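Q: A structural model of the following input is requested.
(chains A, B and C)
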Amino acid sequence: MIRSILSLLLRALVVVSGASIVTFILLWNAPGDPALAIAMARYHQVVSADVLDQVRNEVGLDAGFWSAFKAWIGPLLAGDFGKSTVTDREVWPELVTAMSYTFPLAMLALVCGMCVALPLAILATKHPGSVLDRAAIGMASLGAAIPPYWLGLLLILLFAVYLDWLPAMGALSTTHMVLPALTLGLGVTASLTRIIRSGILDAREQAFLPAFRRRCVLSRNIGRDHIAPHATIPVITVFGLELAFLLEGLVMVEVIFGRPGLGSFLVNAIEARDFPKVQAVVLLTALVFVVINLIIDVIYQVIDPRIGEHDA
Amino acid sequence: MLNVDNISVRRGKSPALQDISLTIEKGKTLAVVGESGAGKSTLIASILGMLKPWCGTITWSGSPVRTCRPALVMQEPRAAFNPAWLLKQSVLEPVIARQSNLPPKRLKRLCAGLELTPDLLNRKPTEISIGQAQRMGILRALIAAPPLILFDEPLSALDAVTQKHTARLIAHLQAEEGFAALIVTHDLGYACAHSEEIAVLKSGRIEEVSTPQDFIASPKTKYGRKLRDAAVSLGALERAA
Amino acid sequence: MRSVIALSCVFFLLAVFGPMLAPHDPTAINIPNRLNAPSAEWLLGTDALGRDILSRLLYGARRSLGLAFLVSVIGLCIGTLAGLVAAQGGTAADWMIMRITDTFLAFPELVATVVIAGLLGAGTESLTFALSVTSWMRYTRVARGIGLAQKSRGYVVQAKLAGLSPLAIARWHYLPALVPSLTVVWTGMFARAILGISALGFLGLGVQPPMPEWGTMLLDARIHMRSTPLQMIWPGLAVVTSVLAINLCGDALRDALAKQNGHNLRSAQR
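A: You can find the predicted model right below:
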């Protein structure tokens, strides 16, 4: 048990360092002149060759790959994300600010999604094939097919343009969070409903359940003691997938609604070739993702020790 | 001639076979008997080159065994066939893999020898009986005329009547084809009836090697005697006599 | 079920023959006719540069669906190959490939795609590269899993003994066993690729103007949301219906396979 958890940890470490090294190589070898992009982002005008050289020198672009790699990895190992090449401010505080916009939105969407999806899935599976069940399936399929940016635009069109109930752009007040959360939440609800529903149905088909029924075990107790644990595993898995979905959705939703969160942070940083910022977001994303998946793996091992064996 | 020279095989950290030496002459049969866990499957895997011996060598007439392309008849008859394929495709696989030509009528002759009707070849593995499947497995092993065939508990999945029948067919075909055979089995009666030599394997070591007659008359070791007495009490050796 | 397959066929035909059905040149700029409402001449109206939206949608179908198809097939090939090598090669190859796979899986696919496409610069090539490079991992996992299960099967051992080369074993024994599961994964990835392409187009990182693509059309339409909201509806609707059709096809396929496997299981137990 301890050993398998340790090996999971080692694996996570390899993955995170691999991810950041791949990103560094990609950043360094991307086509186009990064100095030009950085200068444009700094001065918002076409600059002379001298200024470009100066930018190159400041950022360390002329120093070659290895010294740049060392200059990046050294402070990083000490927990220092470096300074923005555009604004020359520390990356970490800006990242924290961006997260303070992203995190509540993600949580709100996740909680809303869960609150709708769980009762919906349980009600739907009460009578498989009923109208409610079919509606749940239909909603889940539709939710998986609607791109969040289009859904966002539709919601803006309805609530901000026609009805004028809610503000569309920016992040000034909590009311600004309603539409983005709704956009993300609908997607989350759709995929959660789908997974929880099939999780419950699969667990019901387990071979041992007819035996319980024959022995007249209360159907409520069967649900609580036997179906729920079986349905938990796919639900935990989907939490990991849900996170990916959320992060993907966040990038798009923040761009549409003009929220200064992580997604906008990333897109702007890429445009300006602000390497430390891009690196920071990539590293953070990989870290969050790997840690959550690590926790899921460990939970698996606790619930069902067999799972770790054939995935070694 | 198969020559297993002083091999030791480890599985994980514990030794599975220790200091095994065996020889089989061309056209002859060696039966390896022993209880489950004695290392019989490990022996087969090492002869086929699927496990590397930790020390010692295994050769066929001086060159690595792989070069003579030995065939294997498996314990579980249907497992040897891809369930999605027609039996014909699986049976001819060794011929196709070697890009050699099948002598005309060989398939028909072998089918007749194994009492398989040719139309069975156009079925899938699940559509024939276990006994037929095992004879199909033997057919597949024989088809490319290998000089050495290993039998891994060839009869244990079959019922008693089919066992006797299949054992006779194997012996018959061996006389015709002249392959060397290594039969791994826990059935002492079968081993004594159809082999020139018997090797007793226990906990990864060879206890004794002798002819079936000598073994039945007087086993050299205590474990050998125990094995023989158990078989006698079951009446299994009457067939061999 | 039949309607879903029919719908998918319609999209396939649209991607192939769509441009022939287009009533207008999708890139012909016609400023006096800009932002027209749907009419007999412009069935779905015109965009901000006076281009016919229906024609742009039809041309865009080829780009959106065709690119998605290309990307998902590239991913399928890379992923299956990597998975088979991991399953058949030694422990070291397996470890290496699986850690690389994990590394690529450590990002949400779209985030990685945005980073890569953004750094490579906007354009069809970098879009194709970015999406392909982030879409092979699922195939690898599936192919490796099934490959490992096959490895110890009797018939694979027999094939090895018969002298079949590893390549031939992969081709004749592993691949056929992989096809059903990989097809199910592929439909999912195809749908994701459509979403990914339009998302990148919407971020301005995808197919470049003046070539029409559904995501880019949405980006263009967004500015004129107040005056001509319909302009924004069409491309989104095209994305949703095509993704929905493919996903439902995948679901049906998976159910059919599950049923068949169940049947095989029963007949084997009998």
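Q: Please, which helix or strand holds C:L13?
A: helix C:2-21 (DSSP states H and E).
Q: Can you name every helix or strand that that helix contacts?
A: helix C:53-88, helix C:230-269 (3 or more CB pairs under 8 Å, 6 or more residues apart in numbering or on different chains; DSSP states H and E). Using the backbone N, CA and C atoms, a C-beta is placed for each residue, glycine as well.
Q: Buried deepest among those, which one?
A: Among these, helix C:53-88 has the highest mean neighbour count (mean count of other CB atoms under 10 Å in any protein chain shown), at a mean of 22.
Q: Point me to the residue of the stretch 151-270 of chain C nearest chain B.
A: At 3.2 Å from chain B, C:G154 is the closest residue in the stretch 151-270 of chain C, using CB to the nearest CB.
Q: give the contact list for that residue.
A: Residues near C:G154 by CB atoms under 8 Å, 6 or more residues apart in numbering or on different chains: B:74, B:76, B:79-81.
Q: Same list (these) but as CSV, adding distance to chain C and secondary structure.
A: Converted to CSV, the contacts of C:G154 look like this (distance: CB to the nearest CB, whole Å; DSSP: H, G, I helix; E, B strand; the rest coil):
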residue, distance to chain C, secondary structure
B:M74, 5, coil
B:E76, 6, coil
B:A79, 3, helix
B:A80, 5, helix
B:F81, 6, coil
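Q: closest to chain A among those?
A: Nearest to chain A among these, counting by CB to the nearest CB, is B:A79 at 19.4 Å.
Q: Would you map the strands across chain B?
A: B:2-11, B:14-24, B:29-33, B:55-60, B:63-64, B:71-73, B:148-152, B:180-185, B:197-202, B:205-210 (DSSP state E).
Q: Indicate which one of those strands is closest to chain A.
A: Using CB to the nearest CB, those put strand B:2-11 closest to chain A, at 17.7 Å.
Q: The closest one close to chain C?
A: No. Strand B:2-11 stays clear of chain C (CB under 8 Å from any CB of the partner chain), getting no nearer than 14.9 Å.
Q: Now do the buried residues in that strand.
A: Neighbour-count burial for strand B:2-11 flags B:2, B:4, B:7-10 (criterion: 16 or more other CB atoms under 10 Å in any protein chain shown).
Q: pLDDT on that strand, on average?
A: For strand B:2-11, mean pLDDT is 85.
Q: quick revisit: possible to save the helices and strands packed on helix C:2-21 as CSV with mean pLDDT and distance to B:I216?
A: As requested, those are exported to CSV (pLDDT from 0 to 100; distance: least, CB to CB, whole Å):
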stretch, mean pLDDT, distance to B:I216
helix C:53-88, 88, 47
helix C:230-269, 75, 41
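Q: out of these, which comes closest to chain A?
A: Comparing the helices and strands packed on helix C:2-21 by CB to the nearest CB, helix C:230-269 comes nearest, at 3.7 Å.
Q: how many neighbours does the residue nearest to B:D5 when sequence neighbours are not counted have?
A: Of all residues not flanking B:D5 in the chain, B:T57 sits nearest, at 5.0 Å (CB to CB, 6 or more residues apart in numbering or on different chains). B:T57 has 12 neighbours, counted by other CB atoms under 10 Å in any protein chain shown.
Q: Isn't C:L200 up against C:T128?
A: No. The criterion here is CB atoms under 8 Å, and C:L200 misses it with C:T128 at 10.4 Å.
Q: ranges for the helices of the stretch 101-250 of chain C?
A: Listed in chain order, the helices of the stretch 101-250 of chain C (DSSP state H, counting those that start in this stretch) span C:109-120, C:124-133, C:137-151, C:154-162, C:166-169, C:175-202, C:214-222, C:230-269.
Q: a markdown table for the ones you listed, including distance to A:V290?
A: Shown next, in a markdown table, are these (distance: least, CB to CB, whole Å):
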| stretch | distance to A:V290 |
| --- | --- |
| helix C:109-120 | 14 |
| helix C:124-133 | 19 |
| helix C:137-151 | 14 |
| helix C:154-162 | 34 |
| helix C:166-169 | 33 |
| helix C:175-202 | 21 |
| helix C:214-222 | 30 |
| helix C:230-269 | 28 |
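Q: ok now do the nearest residue to C:A193 once chain neighbours are set aside, which residues does it touch?
A: Distance criterion CB to CB, 6+ apart; nearest residue to C:A193, sequence neighbours excluded, is C:A68 at 3.7 Å. Contacts for C:A68 (CB under 8 Å, 6+ apart) come out as C:190, C:193-194, C:196-197.
Q: rerun that using 6 Å as the cut-off
A: Contacts for C:A68 (CB atoms under 6 Å, 6 or more residues apart in numbering or on different chains) come out as C:190, C:193-194, C:197.
Q: likewise B:G62?
A: With contacts defined as CB under 6 Å, 6+ apart, B:G62 has no neighbours.
Q: Got the phi and psi for it?
A: Dihedral angles phi and psi of B:G62 (degrees, to the nearest 10) take the values phi 90, psi -20.
Q: quick one: it and B:C68, what's the gap?
A: As defined by CB to CB, to the nearest Å, B:G62 lies at a distance of 11 Å from B:C68.
Q: next one: A:T189
A: Note on A:T189: its distance to B:C68, by CB to CB, is 65 Å.
Q: So between the two, which is more surrounded?
A: In this view A:T189 and B:C68 are compared by other CB under 10 Å, and A:T189 has more residues nearby, 24 against 16.
Q: Is it correct that that one falls within a strand?
A: No. A:T189 is assigned helix when assessed by DSSP: H, G, I helix; E, B strand; the rest coil, not a strand.
Q: low-confidence ranges in chain B?
A: Low-confidence segments of chain B (pLDDT under 70): B:13, B:236-241.
Q: Domain parsing of it, as residue ranges.
A: What automatic domain parsing lists as the domains of chain B is B:1-70+B:147-241, B:76-145.
Q: what residue ranges in the chain score low on pLDDT?
A: In the absence of a named chain, chain A is used. Within chain A, the segments meeting pLDDT under 70 span A:1, A:171, A:205-235, A:237-241, A:303-312.
Q: nope, chain C please
A: By pLDDT under 70, the weakly predicted segments of chain C are C:1, C:28, C:35, C:40-44, C:48, C:50, C:261-270.
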